[in-house]
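> Quick one, what's the 3D model for this:
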Amino acid sequence: MKLRPLHDRVIIKRLEAETKSAGGIVIPDAAAEKPIKGEVIAAGAGKIQEDGKVRPMAVKVGDIVLFGKYSGTEVKVDGQELLVMREEDLIAVVEK
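Below you'll find the model as predicted:
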């Protein structure tokens with residue numbers, strides 16, 4: 001199944017969480033928090049403003065982004081866990 005987000009929504013695939021701390025301690029899965037970094041796998045056309053014009057999205061497919069810990073709605077598609085959220089819930093784009 002293929003998802004196409006509407007308006008100013010994006011679909012994000014979480015990136016894998018770190019399994020070691022900065023000090024080299026291995027973090028078990030039960031204690032690990034969900035990562036707040038992910039890859040944009042689909043983006044809508046943009047936000048419809050009050051005057052009817054569409055403001056284009058600031059992110060594009062393939063961007064690595066940071067988002068709030070409790071942002072978005074979790075969905076499972078073809079066995080893959082994804083997040084659907086509004087563009088305004090994104091905090092930053094990670095530059096390479």
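> ok, then the element right after the helix or strand where K76 lies?
Using DSSP states H and E, the secondary-structure element containing K76 is strand 73-77. Following strand 73-77 in sequence order, the next helix or strand is strand 80-86 (DSSP H and E).
> Pairing partners for that following strand, with directions?
strand 9-14 (antiparallel), strand 73-77 (antiparallel) (DSSP bridges).
> Need the winner for burial among those.
Mean neighbour count (mean count of other Cβ atoms under 10 Å) peaks for strand 9-14 among these, with a mean of 21. Just so you know, the C-beta spots here come from the backbone N, C-alpha and C atoms, and that holds for glycine as well.
> how far does that strand sit from the chain's center?
4 Å (Cα atoms, centre = their mean, to the nearest Å).
> picking that back up, L90: which of the strands paired with strand 80-86 is closest?
For L90, the closest of the strands paired with strand 80-86 is strand 9-14, at 7.1 Å, according to Cβ to Cβ.
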